[in-house]
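Undergrad: how does the following fold in three dimensions:
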Amino acid sequence: MSSFEDSLRSLSLDYLNLLINGQAFSDVTFSVEGRLVHAHRCILAARSLFFRKFFCGPDPPSGLDPVGSRMNPAAAAAAAAAPQSTPGVIPVNSVGYEVFLLLLQFLYSGQVSIVPQKHEPRPNCSERACWHTHCTSAVDLALDTLAAARYFGVEQLALLTQKQLASMVEKASIEDVMKVLIASRKQDMHQLWTTCSHLVAKSGLPPEVLAKHLPIDVVAKIEELRIKSSLARRSLTPHHHHHHDLSAAADLEDQKIRRMRRALDSSDVELVKLMVMGEGLNLDEALALHYAVENCSREVVKTLLELGAADVNYPAGPAGKTPLHIAAEMVSPDMVAVLLDHHADPNVRTVDGVTPLDILRTLTSDFLFKGAVPGLTHIEPNKLRLCLELVQSAALVISREEGSANTPTSTTIYPPMTEEHNSTSSGSNLGNLNLDSRLVYLNLGAAGSTQMGSRMEGDDDHSSHNRQREAMNRHDPTMYHHSHDF
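TA: Next up is the predicted model:
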């Protein structure tokens, strides 16, 4: 038996050498992406019904053009830019050079390795020294080979590629799994479809995210699998293990959150995206945006928002603070601006009815009337003014859009001045300053002058601001750490 296998291996290598030696005994030449490939009609015709019809048919076409193949755009551009084929050269316009060589290698030898060479630079793979066993580049190459094998009628190669893909998807990213899922559906490969659909169902991705990558009917089937799987687990799980399972699930979620925070600390939002796509991480429940606003850069927060998986107005903890509340407490114009750019609501209230604008109003009052802000010893007046203007402007825009004729009371920066206040402060140059004038003085750093005029406004004004400060102080600044330590 071993001698027979050795004979087959030797025969396979002999035929492969014909392909490798190029023009030796070649009687047909293909042009693929501007490069010539020499082959032998008799071998291709013997191994492929497609080539047999192509070479021996009554009206052979002028070129090989498998419609709907997955050749990458760069290959298509190279083929389009290549000079016109010389007489006797058959153009191959829609199959990549690498895939075409893999196809011929299998036709000549009966065996082929679809996995790219390890450590070689590949498109769609930025990892250095990658082994290309399950990266995006390896998956794309296998899908291209599968499409070519099906078109050219090489069913054995198609089955070999299907087996290779089934092995790849076990470790591939969920995005690549969904690509294979779609391809297996088009190619009617039921075993590969079953493997990929179960992997997607286990990913925990919500239907709205799946709908961005998969057809609606496929999403519906994934949801059906999840329901069946959930019912099966309930029927097999004893009741006395329920508490243990909940504890284990909570520990797993804590581990995910700690990994997410480490990724955010290192500005690796791509890893967070993979956790959302592949592990079902819920960014809202993990308070990812609250954490990023307080601990990370503006670019990290912006990239996190652009993932589309976090609610910019998500209320955290018992107090119900949103990321904009946190940014307002930090007096961070960068964070306030990026949150407002992504539709943060300046009018959203905490449980005690405090809006982000209320927070900035109280901070401004403390600075103007007292010359200091509790908890913010090194506050910059310009930043406070800018935060106040950004949030107030956003609130006014929303008010206009809602058709309100007057500015809502929640957007008033200062309480109305009574006649008593006006008469009491008449001796001060700053007592009757309107909002814009006060902000100008704040911007110029005239806090000392403002304090002098403001302190003359009477006890009623102070008590009004003190009541706002007391309402805010009821919120624990670390309330959104309710279940996790930062």
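
Undergrad: now do the same for the closest residue to Met178 other than its chain neighbours: helix, strand or coil?
TA: Of all residues not flanking Met178 in the chain, His213 sits nearest, at 4.8 Å (Cβ to Cβ, 6 or more residues apart in numbering). C-beta coordinates here come from the backbone N, C-alpha and C atoms, glycine included. Following DSSP: H, G, I helix; E, B strand; the rest coil, His213 is assigned to coil.

Undergrad: let me know whether His213 touches Ser173 as I believe.
TA: No. Contact criterion Cβ atoms under 8 Å: His213 and Ser173 do not qualify, at 11.7 Å.

Undergrad: where does the stretch 101-250 of the chain have low pLDDT?
TA: Applying pLDDT under 70 to the stretch 101-250 of the chain flags the ranges 119, 230-250.

Undergrad: apply 80 and report the result again.
TA: Where the stretch 101-250 of the chain drops to pLDDT under 80, the residues are 115-121, 123-129, 204, 229-250.

Undergrad: the helices in it, which residues?
TA: Remark: helices assigned in the stretch 101-250 of the chain by DSSP state H, counting those that start in this stretch are 136-151, 155-168, 174-186, 190-202, 207-210, 216-236, 242-265.

Undergrad: save those helices as CSV, and put in mean neighbour count and distance to Ser393 too.
TA: Converted to CSV, these look like this (neighbours: other Cβ atoms under 10 Å; distance: least, Cβ to Cβ, whole Å):
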stretch, mean neighbour count, distance to Ser393
helix 136-151, 23, 43
helix 155-168, 19, 51
helix 174-186, 21, 39
helix 190-202, 18, 43
helix 207-210, 16, 31
helix 216-236, 13, 40
helix 242-265, 14, 29
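
Undergrad: among these, which is nearest Gly88?
TA: If you check each of these against Gly88 by Cβ to Cβ, helix 136-151 wins as the nearest, at 23.2 Å.

Undergrad: that closest one to helix 190-202, inter-axis angle?
TA: 150 degrees (axes from the mean of the first three to the mean of the last three Cα atoms, to 10 degrees).

Undergrad: before we move on, back to that, can you put the helices of the stretch 101-250 of the chain in JSON lines and add distance to His342?
TA: Converted to JSON lines, those look like this (distance: least, Cβ to Cβ, whole Å):
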{"stretch": "helix 136-151", "distance to His342": "28"}
{"stretch": "helix 155-168", "distance to His342": "36"}
{"stretch": "helix 174-186", "distance to His342": "23"}
{"stretch": "helix 190-202", "distance to His342": "28"}
{"stretch": "helix 207-210", "distance to His342": "17"}
{"stretch": "helix 216-236", "distance to His342": "26"}
{"stretch": "helix 242-265", "distance to His342": "17"}
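
Undergrad: closest one to Val351 among those?
TA: helix 242-265 (23.3 Å).

Undergrad: quick check: next helix or strand after that closest one?
TA: Downstream of helix 242-265, the first helix or strand assigned by DSSP states H and E is helix 269-279.

Undergrad: can you pull the buried residues of that following helix?
TA: Of all the residues in helix 269-279, those buried under the rule 16 or more other Cβ atoms under 10 Å are Val269, Val272, Lys273, Leu274, Met275, Val276, Met277, Gly278, Glu279.

Undergrad: now those residues in CSV, with distance to Gln164?
TA: Formatted as CSV, those follow (distance: Cβ to Cβ, whole Å):
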residue, distance to Gln164
Val269, 31
Val272, 30
Lys273, 26
Leu274, 23
Met275, 27
Val276, 28
Met277, 23
Gly278, 21
Glu279, 25
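
Undergrad: closest one to Glu306 out of those residues, please.
TA: Nearest to Glu306, judged by Cβ to Cβ, of those is Val269 at 8.7 Å.

Undergrad: where's the residue found closest to the closest one once you drop the neighbours it is linked to in the chain, which helix or strand?
TA: Distances taken as Cβ to Cβ, 6+ apart put Thr303 closest to Val269, at 4.3 Å, once the chain neighbours are dropped. Per DSSP H and E: Thr303 is located in helix 298-306.

Undergrad: rewinding a little: surely the residue nearest to Val269 and Asp268 touch.
TA: No. The criterion here is Cβ under 8 Å, and Thr303 misses it with Asp268 at 10.0 Å.

Undergrad: which of the two has more residues huddled nearby?
TA: Thr303 (18 against 14; other Cβ atoms under 10 Å).

Undergrad: how near is that one to Thr364?
TA: As judged by Cβ to Cβ, to the nearest Å, Thr303 and Thr364 stand 31 Å apart.

Undergrad: how about Ala201?
TA: On the measure of Cβ to Cβ, Ala201 and Thr364 end up 52 Å apart.

Undergrad: what does Leu386 give?
TA: The gap separating Leu386 from Thr364 is 11 Å, by Cβ to Cβ.

Undergrad: still on that earlier bit, now the phi/psi pair for the residue nearest to Met178, please.
TA: Main-chain dihedrals, His213, degrees, to the nearest 10: phi -120, psi -20.

Undergrad: what separates it from Trp193, distance-wise?
TA: 15 Å.

Undergrad: next: Arg259.
TA: Arg259 sits 31 Å away from Trp193, going by Cβ to Cβ.

Undergrad: skipping its backbone neighbours, what lies nearest Glu279 in space?
TA: With sequence-adjacent residues excluded and distances taken as Cβ to Cβ, 6+ apart, Glu279 is closest to Lys256, at 6.3 Å.

Undergrad: list the contacts of the one you found.
TA: Residues in contact with Lys256 (Cβ atoms under 8 Å, 6 or more residues apart in numbering) are Met275, Glu279, Leu281, Ala286.

Undergrad: pLDDT check: weakest of these?
TA: In terms of pLDDT, Glu279 ranks lowest among these, with 73.

Undergrad: touching, that residue and Gly204? I think so.
TA: Yes. Glu279 lies in contact with Gly204 (Cβ under 8 Å); the separation is 6.7 Å.

Undergrad: check which helices and strands the helix holding Thr303 sits against.
TA: Under the contact criterion of 3 or more Cβ pairs under 8 Å, 6 or more residues apart in numbering; DSSP states H and E, helix 298-306 touches helix 269-279, helix 288-295, helix 333-341.

Undergrad: pull out the buried residues from that helix.
TA: Arg298, Val300, Val301, Lys302, Thr303, Leu304, Leu305.

Undergrad: helices or strands up against the following helix or strand past it?
TA: Reading on from helix 298-306 to the C-terminus, the next helix or strand found by DSSP H and E is helix 323-330. Judged by 3+ Cβ pairs under 8 Å, 6+ apart, the packing partners of helix 323-330 are helix 288-295, helix 333-341, helix 356-370, helix 381-401.
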